[in-house]
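In: would you be able to build a 3D model of this:
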Amino acid sequence: MIKKYLFLVLIALITLRMSAQEWVAPAEELGKLSPFAFNDSTRKVGADLYNTNCKSCHGDPGKNNVINLVPAPPDIASVKMQTNTDGSIHYKLIQGKGTMPSFKNTISSGDLWRVISFIRSYNEKYVQVIDTKTNLAGTAASNVRILVSWVKEKNQVQMDISGMKDNKTIPVAGAEVKLFAKRFFGNLLIDEARNTDAQGTALFNFPKDLPGDSTGFVQLLAKLSDESAYGEAKADTSLAVGVPTYRPPLNEQRAMWNVVQKTPIWLLLAYTFTVLAVWGFIFYVLLQIRAIYKAGERKEHDVIK
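Out: Okay, the predicted model is just below:
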């Protein structure tokens, strides 16, 4: 009788363990939808992102060649994956869990939806529902307009955001926005994230010592943070708000990667001496061969005598 109870307890523990491993997204995330329609273009981008970031663990769709982990990552074409809602998949891609990394800071929300569009291409019964609850749901290119200007007297950059709804232009109020300065190796966040006011305006304090180009122009990137609500809304602009800075081109000074006329002096000297040394050695060898040949001729002449 005791063995029977122990067996039942063991079964219960195993069941609890298995249920604890189930990854369920929060209720508020389950109903989230893509702000744009899935099509061949989004699926192609999603496929490239999947092959780069996901294939090593989830394998080839429909081939069931996933990596051997505990718990095993699901094949994206499997029923287990496809029974997830779009919002659930989006949440899991953002959060990550265990051996699965979070893609929150490496892949944009818009591109995560493109990965989902690729995942859904393996579900013949899938019918997409697009988000129509946000005030400007859809692609940024058609709905959202971002204007960036310089308020000199306040030393601030002003961002005005508006969109089209029912053929009317309305301000985008209460949206989180960010401003970046484009650098050679990534983007530099300017000030901190701001929320637009009732008129769709946000102001950013701009550093007085930020280097610009030779005329002081700085390349700026303005974008809305919530891509799941507004799409990939962003705008590139250039304003004369930086400190004029002359950056010599890479080929202006002497360097190993430059043209021959601007090769470093030490490299020219080293090359010249190396070439002379090689040719000197060759000439020396030829002289020795000639000397051996002459010595052989003299010996042969002496033998004949």
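In: helices along the stretch 1-150 of the chain, start to end?
Out: Along the stretch 1-150 of the chain, counting by DSSP state H, counting those that start in this stretch, helices occupy 2-21, 27-30, 40-53, 55-58, 79-82, 86-95, 109-120, 140-143.
In: what's the mean pLDDT across the third one?
Out: For helix 40-53, the per-residue pLDDT values average out at 93.
In: got any ranges where the stretch 1-150 of the chain has weak pLDDT?
Out: 1-21, 132-142 (pLDDT under 70).
In: what does the pLDDT read for Asp302?
Out: If you check Asp302, the pLDDT there is 71.
In: so how far is Gly296 from it?
Out: From Asp302 across to Gly296, the span is 11 Å (CB to CB, to the nearest Å). In short, each C-beta sits where N, CA and C put it, glycine included.
In: end to end, how far does stretch 149-161 reach?
Out: Distance across stretch 149-161, first residue to last, is 12 Å (CA to CA, to the nearest Å).
In: ok now that stretch, how far from the chain's centre?
Out: Distance of stretch 149-161 from its chain centroid, counting by CA atoms, centre = their mean, to the nearest Å, is 29 Å.
In: again with stretch 296-305
Out: That offset, for stretch 296-305, works out to 81 Å (CA atoms, centre = their mean).
In: same thing with stretch 206-223?
Out: 23 Å.
In: tell me the buried residues in that stretch?
Out: Judged by neighbour count (16 or more other CB atoms under 10 Å), stretch 206-223 contains these buried residues: Phe206, Gly212, Val218, Gln219, Leu220, Leu221, Ala222, Lys223.
In: tell me which two of these sit farthest apart.
Out: Distance extremes for the buried residues of stretch 206-223: the farthest pair is Gly212 and Lys223 at 20.4 Å, using CB to CB.
In: following the chain onward from the helix or strand where Gly163 lies, which element is next?
Out: Gly163 is part of strand 156-165, with elements assigned from DSSP states H and E. Beyond strand 156-165 on the C-terminal side, the first helix or strand identified by DSSP H and E is strand 168-171.
In: who's in contact with that following strand?
Out: Asn135, Asp160, Ile161, Ser162, Gly163, Met164, Thr196, Ala198, Gln199, Gly200, Thr201 (CB atoms under 8 Å, 6 or more residues apart in numbering).
In: which one in those is the model shakiest on?
Out: Among the contacts of strand 168-171, Asn135 carries the lowest pLDDT, at 47.
In: run through who's touching stretch 104-119.
Out: So stretch 104-119 is contacted by 34-36, 38-39, 42-43, 45-47, 49-50, 53-54, 76, 81-82, 86, 89-90, 93-96, 103, 226-228, 231-232 (CB under 8 Å, 6+ apart).
In: which of the residues you listed count as buried?
Out: Applying 16+ other CB under 10 Å to those flags 34-36, 38, 42-43, 45-47, 49-50, 53-54, 76, 81-82, 86, 89-90, 93-95, 103, 227-228, 231-232 as buried.
In: name the residues of stretch 107-117 that are buried.
Out: Ile107, Ser109, Gly110, Asp111, Leu112, Trp113, Arg114, Val115, Ile116, Ser117.
In: hmm, Leu189 and Pro207 touching each other?
Out: No - if you go by CB atoms under 8 Å, Pro207 and Leu189 don't touch, sitting 11.1 Å apart.
In: the domain parsing of the protein - what is it?
Out: For the chain, automatic domain parsing gives the domain ranges 19-120, 140-239, 260-304.
In: got JSON lines for the ones you listed, with distance to Pro249 too?
Out: Shown next, in JSON lines, are these (distance: least, CB to CB, whole Å):
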{"stretch": "domain 19-120", "distance to Pro249": "32"}
{"stretch": "domain 140-239", "distance to Pro249": "11"}
{"stretch": "domain 260-304", "distance to Pro249": "11"}
